[in-house]
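Student: Provided below are the primary sequence and the corresponding predicted coordinates.
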Amino acid sequence: MVLWEGYVSDEAMGTFAPIVVYWVYAGFYQLLPPLDNYRLHTRKEEEERNSVPLTMVVKGVLLQQLVQATIAQGLFVLTSKANPSGATVQPSIPIQILQFLVAMLVMDTWQYFVHRYMHQNKFLYRHVHSQHHRLVVTYAIGALYNHPLEGLLLDTFGGAISFLVSGMTARTAVYFFCFAVIKTVDDHCGLWLPGNIFHIFFKNNTAYHDIHHQLQGTKYNYSQPFFSIWDKLLGTHMPYYLVKRPEGGFEAQLVKDK
């Protein structure tokens, strides 16, 4: 029994819950006080280095989410698994956990190779992926600010393939996609907050992805959103260390022996 059972279908929740979670979680970060003692970049850097206004970022994210919702709804309709009574058969908790882990690994694999290729192919980087890198200093609401083609190839197709390969039901997908959205938003929040569980349990975190967004790090740390496995296996991992700025906040600095 889940909270939405009897009110909203699992397919509708799987389609729209990640969108709601995105704006609630990103909005939480946006409404926080300045927190200058925990920022990876100063507010001045954010104003000077980013080349796209917040209003355009919001419009870009909404467009990507519209495409995601359309494809997700179609995918759920095509793959709904029902028994003769019409109710979807839910697997056991251990099976759902396994499906969750498989989906995480599949999503990481898809996004690593597509993301890396978008950097290596000059045409794709110039005309597609560079839009995401207009946010040199990332913030939460801009986590899904991408060119529409990148949003389709990287995030939407990546999510669909993860769902299909793992074999999860729409109900399990609600939890998986909401978790993936929260992790992605957190990776772009630009804050190194004490006690952040994502920083504790994942090496691929806010500082890790911040390195990738800096000019000297764009050829490294492609992995997203969960693990850094492919970066380490294929030689694109850039280690870093955090230093505290005298004026407040932190800075992720590259280890120069790469």
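Tutor: Looks like it came in fine.
Student: can you give me the helices in the stretch 101-250 of the chain?
Tutor: Applying DSSP state H, counting those that start in this stretch to the stretch 101-250 of the chain gives helices spanning 122-127, 148-150, 157-166, 170-187, 197-201, 206-213, 229-233.
Student: and these: which comes nearest Gln30?
Tutor: Gln30 lies closest to helix 170-187 among these, at 10.3 Å (C-beta to C-beta). The C-beta positions use only the backbone N, C-alpha and C, and glycine is treated the same way.
Student: hang on, the earlier thing: as JSON lines, the helices of the stretch 101-250 of the chain with mean neighbour count, distance to Tyr25 and mean pLDDT would be great.
Tutor: Output for these, formatted as JSON lines (neighbours: other C-beta atoms under 10 Å; distance: least, C-beta to C-beta, whole Å; pLDDT from 0 to 100):
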{"stretch": "helix 122-127", "mean neighbour count": "12", "distance to Tyr25": "29", "mean pLDDT": "96"}
{"stretch": "helix 148-150", "mean neighbour count": "17", "distance to Tyr25": "21", "mean pLDDT": "96"}
{"stretch": "helix 157-166", "mean neighbour count": "20", "distance to Tyr25": "17", "mean pLDDT": "96"}
{"stretch": "helix 170-187", "mean neighbour count": "22", "distance to Tyr25": "5", "mean pLDDT": "96"}
{"stretch": "helix 197-201", "mean neighbour count": "12", "distance to Tyr25": "12", "mean pLDDT": "94"}
{"stretch": "helix 206-213", "mean neighbour count": "23", "distance to Tyr25": "14", "mean pLDDT": "94"}
{"stretch": "helix 229-233", "mean neighbour count": "16", "distance to Tyr25": "25", "mean pLDDT": "96"}
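Student: export those to CSV and tack on distance to Thr70?
Tutor: Listed next are the helices of the stretch 101-250 of the chain as CSV, based on distance: least, C-beta to C-beta, whole Å:
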stretch, distance to Thr70
helix 122-127, 23
helix 148-150, 12
helix 157-166, 12
helix 170-187, 15
helix 197-201, 29
helix 206-213, 27
helix 229-233, 29
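Student: between those helices, which one is closest to Lys59.
Tutor: Among the helices of the stretch 101-250 of the chain, the nearest to Lys59 by C-beta to C-beta is helix 148-150 (11.1 Å).
Student: what residues are up against Ser162?
Tutor: Going by C-beta atoms under 8 Å, 6 or more residues apart in numbering, Ser162 touches Val102, Ala103, Met104, Val106, Met107, Trp110, Phe176.
Student: what do you get if the cut-off is 10 Å, keeping everything else the same?
Tutor: Taking C-beta atoms under 10 Å, 6 or more residues apart in numbering as the contact definition, Ser162 lies against 99-100, 102-111, 168, 173, 176-177, 180.
Student: likewise for Thr206?
Tutor: By C-beta under 10 Å, 6+ apart, the contact set of Thr206 is 40, 138, 140, 186-193, 196, 198-199, 250, 252.
Student: roughly how far does the most centrally placed residue in the chain sit from Gly60?
Tutor: In the chain, the C-alpha nearest the mean C-alpha coordinate belongs to Thr184, at 2.6 Å (C-alpha atoms, centre = their mean). Note on Thr184: its distance to Gly60, by C-beta to C-beta, to the nearest Å, is 15 Å.
Student: repeat that for Trp4.
Tutor: Here the criterion is C-beta to C-beta. By it, Trp4 lies 29 Å from Gly60.
Student: looking at those two, which one has more neighbours?
Tutor: More crowded of Trp4 and Gly60, by other C-beta atoms under 10 Å: Gly60, with 21 against 13.
Student: the residue nearest to the more buried one when sequence neighbours are not counted: how many residues sit nearby?
Tutor: Nearest residue to Gly60, sequence neighbours excluded (C-beta to C-beta, 6 or more residues apart in numbering): Tyr145, at 4.7 Å. For Tyr145, the neighbour count with other C-beta under 10 Å is 26.
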